[in-house]
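Visitor: When you get a sec, could you give me coordinates for this:
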Amino acid sequence: MRSRRLSIAALLVAALVTAGCGSVAGADEATQEPAKVEPIDGTDQSRIILSADAARRIGLTTTEVTAASGSRSHMTAVPYSSIVYWLDGGAWVYTKSAPLTFVRQPVVVDDVHGDTATLSSGPPVGADVVDVGSVELLGTEFEIEGE
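Guide: I've put the predicted structure just below:
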């Protein structure tokens, strides 16, 4: 499991390095701030607020957290693509707290089957989580340069 986490972390770093290799923004898009990171008072968390153009450029999509199938009634499920791992093995997802606004939330991954991750801890059923664009949000939150 540790080697899998390290592999995922290596893929994350590689994705961040190549994320900046996109198209050149037009003059109007270049003048608009693509993202803003604001600290959340009383926590060590931040919220990331994207412009509509930034969300479109990174192809950001969200999906709802669902109840896990089978006998795991207290567990939830998200697409595995929603999970972001840090180098220390910690895992989280980005939840949508308002339109174009996202907050990192820790999760505990119980199991991965195919493209679905079963969580024993994390956002509740019905919460919106980012399933495409999490790596870009990570880079924005922690000011990780793409190139």
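Visitor: From now on I want contacts and neighbour counts done on CA atoms only, so please keep to that.
Guide: OK.
Visitor: quick one, what contacts the nearest residue to Ala35 once chain neighbours are set aside?
Guide: What sits nearest to Ala35 in space, not counting adjacent residues and going by C-alpha to C-alpha, 6 or more residues apart in numbering, is Leu50, at 4.4 Å. Applying C-alpha atoms under 8 Å, 6 or more residues apart in numbering to Leu50 gives the contacts 34-36, 100-101.
Visitor: Of the residues you listed - the most surrounded one?
Guide: Ala35 (19 neighbours; other C-alpha atoms under 10 Å).
Visitor: Surely that one and Ser51 touch.
Guide: Yes - between Ala35 and Ser51 a contact is recorded at 6.0 Å, counting by C-alpha atoms under 8 Å.
Visitor: And Asp131, how close does it get to Ile40?
Guide: 23 Å (C-alpha to C-alpha, to the nearest Å).
Visitor: Mind checking which of the two has more residues around it?
Guide: Asp131 (22 against 11).
Visitor: For that one, which three-state class applies?
Guide: strand (DSSP: H, G, I helix; E, B strand; the rest coil).
Visitor: Name the nearest residue to it, ignoring sequence neighbours.
Guide: Ranked by C-alpha to C-alpha, 6+ apart and with sequence neighbours excluded, the top spatial neighbour of Asp131 is Ser82, at 4.3 Å.
Visitor: Quick check: the gap between that neighbour and Gln45.
Guide: Distance of Ser82 to Gln45, computed by C-alpha to C-alpha: 18 Å.
Visitor: after the longest strand anywhere in the chain comes which helix or strand?
Guide: When the chain is parsed with DSSP state E, its longest strand is strand 101-113. The helix or strand immediately downstream of strand 101-113 is strand 116-121, counting by DSSP states H and E.
Visitor: Now do that following strand against strand 101-113: the angle between them, please.
Guide: Angle, strand 116-121 to strand 101-113, by axes from the mean of the first three to the mean of the last three C-alpha atoms, to 10 degrees: 110 degrees.
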